[in-house]
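A.B. asks: what would the 3D arrangement of this be:
(2 chains)
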Amino acid sequence: MTDLIFSNEMDEEMTLNMGPHHPSTHGVLRFIVHTDGEIIRKAVPDVGYLHRSIEKIGERCTYPGYMPYTDRVDYLAAMFANEVWASACEKLMDVKVPPRAQYLRVLSCELNRIASHMISLGAMAMDVGAVTPFPYTLREREFINDFIEELCGARLTYNYHRIGGVSFDYPKHWDEKVLRWLDHFEPTLDEFDRLITMNDIYVKRLASIAVVTKDEAIAFGLVGPNLRASGLQWDLRKDDAYSVYPKIDFNVPVGRGQMGTVGDCWDRFWIRVEECRESCKIIRQCFEQIKEWPEDDVVGQLPKKMRPDGEAYARVESARGDMGCYVIGAGKEEPYRARFRTGSFNAMGIIEAKSQGLFLADLVAFIASLDVVAPEIDR
Amino acid sequence: MTPQDIFKRLQTKFGDQVVFDLHEDPKKDKDPWFQCAPYSFEDVGTYLRDDPALLFDYMECLTGTDYPDKKQIHVTWHLYSYVFKHRVVIKCLVPRDDAAMPTMVNVWPVCNWQERECFDLLGVLFEGHPDLRRILLPDDWEGHPMRKDYGEKDEYHGIPTTRPNPLELFKISPKPAAGAAKEKAS
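C.D. replies: Presented below is the predicted three-dimensional model:
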């Protein structure tokens, strides 16, 4: 098909600027799109509009003092950036995390994962023209924001995790509230499936669009839901388990190409819905297991002086996949180097390679299905 | 395979001129790492990716770190294998004044953007890279901010990079309030 497009000698290539304020580009992203009519020849992403040099700031903060800045790496799923920074520092300084704090971390992260996926699902549906689901997903996210506000006092930039644990235990009766909400949320997901995931028009719009094969996904470093949608059964929480995930029973949904081809936009949408279901399971099990551990034992034994020497690389499965943090210490209070490796950055890298031959309208669906968040790309 | 086994396997294949200097002190190096000669890393990388016992198909993270006292930039590669679920950390040390090494885009396509970021922030030239432009900073930016001796400019196209102190802006005097002074006097 692409040969046919390029063989036309009478064609006129048009260069369009899409963004940085285009509503479907999820934050401040810009694409320079070369098109032939409606068909894209090449879409070149131009990123960096939200670059705040988080890594340079890291070199000037103390280890605990850097924690609030990590929130800003990914504002939709700030818990994970907190966790990855905390676990990198713990690995570097050999700090043990008490079990109750580990459960609280998993609880807060899984709640945050649902919140992040809710935005992603609603926004993706809205980008391709289905406006109805967005308020529903936002409503559910609002509940989670309230829960996390009760937990740590903040709704978006949490600063909840600490090196060696978390800042607070959960308040009384918080677990009952969350469990009651889960009872409401799980049937809502089925409703959501009927409303949009299995909606005939929506399926036709997304099936077999922008297919990313398994090999491509690995080669271009896609991670998390995008990688699993392409058919690779790999989840950091299972395959390289950290924290308390080995004690928890959950499934890893994988793209099967039910509606078209494995790794199409619909698979990437569906996998996030399934992950919300799995997160609900994890939260329920956490609440059962956390009771075995004493209350308020949430911060481990920390070294008196945090002046580590050496280096460590830690990673967690964030809402946007494998998130890594590489920290080098040089015997000072500030880290010598703090590096964040984020899923969205690599996901943007694949767009230029895969955009050839897509319709312009499908590019919007493709970007939305990759679930990129601009501050996570630019950091 | 453990990093030590991988190190031995690479050393028998390429010799100790190419792969050397294993760091495995459990107190300092939480992930053991070793060095690789920058201009042989393309061969080593291809071997790491294709050898049936290694199969490092995923380039996780590329980091550049500036060491002005050693006059070096360390380019660190975190690699992972989805097949065997093992990992390795390799460092290529390039001289700071003439920071350059061959690109790895042909081995792992993910390096395309990661190398651009490293070039942008640290000024490491990846030779043979198809599209080595700045990625996060504007095209006309001067200097590479992640270098330790980078000095911040006063302005960029007339936009100041510093803010006036808000205390001076609103004429708030840092002296104690009148009430506080009275309390002291009584």
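A.B. asks: is it true that residue B:162 touches residue B:154?
C.D. replies: Yes: look at residue B:162 against residue B:154 with Cβ atoms under 8 Å: they come within range, at 7.3 Å. For glycine as for every other residue, the C-beta is placed from the backbone atoms N, C-alpha and C.
A.B. asks: tell me what the one residue sitting closest to the centre of chain B is bridged to.
C.D. replies: The residue lying closest to the centre of chain B (Cα atoms, centre = their mean) is residue B:64, at 1.9 Å. Residue B:64 has these beta-bridge partners by DSSP bridges: residue B:75.
A.B. asks: so residue A:172: helix, strand or coil?
C.D. replies: Of the three states, residue A:172 takes coil under DSSP: H, G, I helix; E, B strand; the rest coil.
A.B. asks: what about chain B, any weak spots by pLDDT?
C.D. replies: B:172-186 (pLDDT under 70).
A.B. asks: got the residues of it near chain A?
C.D. replies: For chain B, the contact set with chain A under Cβ under 8 Å from any Cβ of the partner chain comprises B:25, B:27-31, B:33, B:57-61, B:63, B:65, B:76, B:78, B:82, B:85, B:89, B:108-110, B:112-114, B:117, B:121, B:134-138, B:145-146.
A.B. asks: excluding its backbone neighbours, what's nearest residue B:129?
C.D. replies: Leaving aside its chain neighbours, residue B:129 sits nearest to residue B:103 (4.1 Å; criterion: Cβ to Cβ, 6 or more residues apart in numbering or on different chains).
A.B. asks: thought that neighbour was touching residue B:111?
C.D. replies: Yes: assessed by Cβ under 8 Å, residue B:103 is found in contact with residue B:111 at 6.8 Å.
A.B. asks: okay, and the common contacts of those two?
C.D. replies: residue B:126 (Cβ atoms under 8 Å, 6 or more residues apart in numbering or on different chains).
A.B. asks: quick one, strands of chain B?
C.D. replies: B:19-23, B:33-36, B:58-67, B:72-80, B:87-95, B:100-102, B:125-127, B:155-156, B:159-160 (DSSP state E).
A.B. asks: with just CA atoms, put stretch A:95-106 into CSV.
C.D. replies: Provided in CSV are the C-alpha atoms of stretch A:95-106 (Å, rounded to 0.1, in the frame of the first residue of the first chain):
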residue,chain,number,x,y,z
VAL,A,95,17.5,0.2,54.1
LYS,A,96,14.8,-2.4,55.0
VAL,A,97,11.2,-1.5,54.5
PRO,A,98,8.7,-2.8,57.2
PRO,A,99,6.1,-5.1,55.7
ARG,A,100,3.2,-2.8,56.6
ALA,A,101,4.8,0.0,54.7
GLN,A,102,5.3,-2.3,51.7
TYR,A,103,1.6,-3.1,51.7
LEU,A,104,0.7,0.6,52.0
ARG,A,105,3.0,1.2,49.0
VAL,A,106,1.3,-1.4,47.0
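A.B. asks: residue A:315 bridge partners, please.
C.D. replies: residue A:324.
A.B. asks: confidence score at it?
C.D. replies: Residue A:315 carries a pLDDT value of 89.
A.B. asks: quick check: it touching residue A:81?
C.D. replies: No: contact criterion Cβ under 8 Å: residue A:315 and residue A:81 do not qualify, at 11.8 Å.
A.B. asks: so between those two, which is more surrounded?
C.D. replies: A direct count of neighbours by other Cβ atoms under 10 Å in any protein chain shown for residue A:315 and residue A:81 places residue A:81 higher, at 29 against 24.
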